[in-house]
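Peer 1: model this:
(one chain, ligands or ions: 2)
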Amino acid sequence: MRPAANLSHLWPELPYLDRFAAAAAAGFEAVEVLFPYDVAAKETQRALIANGQRMILINAPPPNYTGGARGFAAQPERVERFQYDMKRVFRYAEALKVSFVHVMTGVAEGKAAKQTLIDNLKWAAQTAPTGLTLTLEPLNSVAQPGYFLNDYALAAEVIRAVDAPNLGLQYDSYHAQMIHGDAVAVFDQYLPLIRHVQIGDAPDRGAPGTGEVDFDALFARIKASGYAGWISGEYAPNGPTEETLGWMTA
Ligand SMILES: O=C(O)C(=O)[C@H](O)CO
Ligand SMILES: [Mg+2]
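Peer 2: Residues are numbered from 1 along each chain as shown. Ligands and ions are numbered 1, 2, ... in the order given. Predicted structure coming up:
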């Protein structure tokens, strides 16, 4: 088990740069951040160095760089902007030495959207710096209405169509449970494509153990599978984050 902390979700009461120290004090050597772009990469780097941590994952920027709409990789009218932004994210990722960039599809539907996503990902996989893996994550339609990649079967189809060694699946127990009703079965079914794991409960996206995901079974399956990647806590703590971290030793 290699635990990581998603600092966009955990320690929400602290300013961004203070969350690194809180995570270090809780024992996290690895962190991830959804959208670090409104802070200079050097400042994030300083926080990582000061706390002996590594940044494992960032998201490709949303249209306004700090939040809001979740990407546009499946929007046919924004291919040029996609390539422009991905070049920026690659520079940012290299500066922070991140392992994964989550590419978001945005709101879209239909055949043209799927083909655009596949073409964009082929280009991005070829252009990405060596050592960086791109991920796709299905997001459920309650959290992200209209989001193109709203199903694990669709994500698997796109990943297989792109067929690049540096593109894989980002599994998230919260979204998997919301979309398919059984997060454990989704983990089992898509294991060969999974490169990164995030955990949160459903339906409220609380800490593991607060909802309907069977975490005992999920952790047992992860352990039995030989999955050797990161498991990142990405949930809304209902109270002090430190009191929600039992999963780190599960
Ligand atoms: O919502 C999630 O689960 C994510 O991991 C995304 O990165 C959303 O931006
Ligand atoms: Mg997630």
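
Peer 1: got the contact list for the least confident helix or strand in the chain by mean pLDDT?
Peer 2: The helix or strand of the chain with the lowest confidence, counting by mean pLDDT, DSSP states H and E, is helix 79-96 at a mean of 93. Defining contact as C-beta atoms under 8 Å, 6 or more residues apart in numbering, one finds that helix 79-96 is touched by 36-37, 41-42, 44-45, 48, 55, 58, 60-61, 72-73, 75, 101, 103, 116, 119-120, 123-124, 127-129, 132. For glycine as for every other residue, the C-beta is placed from the backbone atoms N, C-alpha and C.

Peer 1: which members of these occur in strands, if any?
Peer 2: Secondary structure from DSSP state E places Met55, Ile58, Val101 of those in strands.

Peer 1: check the residues you listed against ligand 2 and report the nearest one.
Peer 2: Using C-beta to the ion, Ile58 comes nearest to ligand 2 of these, at 12.5 Å.

Peer 1: quickly note the distance from that closest one to Pro76.
Peer 2: Look at Ile58 and Pro76: by C-beta to C-beta, to the nearest Å, they are 25 Å apart.

Peer 1: who has more neighbours, the two?
Peer 2: Per other C-beta atoms under 10 Å, whichever of Ile58 and Pro76 has more neighbours is Ile58, with 23 against 15.

Peer 1: how about that one, what does it touch?
Peer 2: Contacts of Ile58 were listed using C-beta under 8 Å, 6+ apart, and they are 32-36, 89, 92-93, 96, 98, 100-102.

Peer 1: same check, this time on His9
Peer 2: His9 touches Gly200, Gly233, Glu234, Tyr235, Ala236, Pro237, counting by C-beta under 8 Å, 6+ apart.

Peer 1: now the first one: phi and psi?
Peer 2: The phi and psi values for Gly200, taken as degrees, to the nearest 10, are phi -170, psi 160.

Peer 1: just the pLDDT at it, thanks.
Peer 2: pLDDT, Gly200: 98.

Peer 1: again with the third one
Peer 2: Predicted confidence (pLDDT) at Glu234: the value is 98.

Peer 1: does it touch Tyr174 like I think?
Peer 2: Yes: using C-beta atoms under 8 Å, Glu234 makes contact with Tyr174 at a distance of 7.4 Å.

Peer 1: shared neighbours, those two?
Peer 2: Gln198, Ile199, Gly200.

Peer 1: next, the second one: phi, psi?
Peer 2: So the one you mean is Ile199. Taking degrees, to the nearest 10 as the convention, Ile199 sits at phi -130, psi 140.

Peer 1: what of the first one?
Peer 2: Backbone torsions for Gln198, taken as degrees, to the nearest 10, come to phi -120, psi 150.

Peer 1: need the contact list for it.
Peer 2: Taking C-beta under 8 Å, 6+ apart, one finds Asn6, Glu137, Gln170, Tyr171, Asp172, Ser173, Tyr174, Ile231, Ser232, Gly233, Glu234 in contact with Gln198.

Peer 1: just the ones of those residues in strands?
Peer 2: Short answer: those in strands (DSSP E) are Asn6, Gln170, Tyr171, Asp172, Ile231, Ser232, Gly233.
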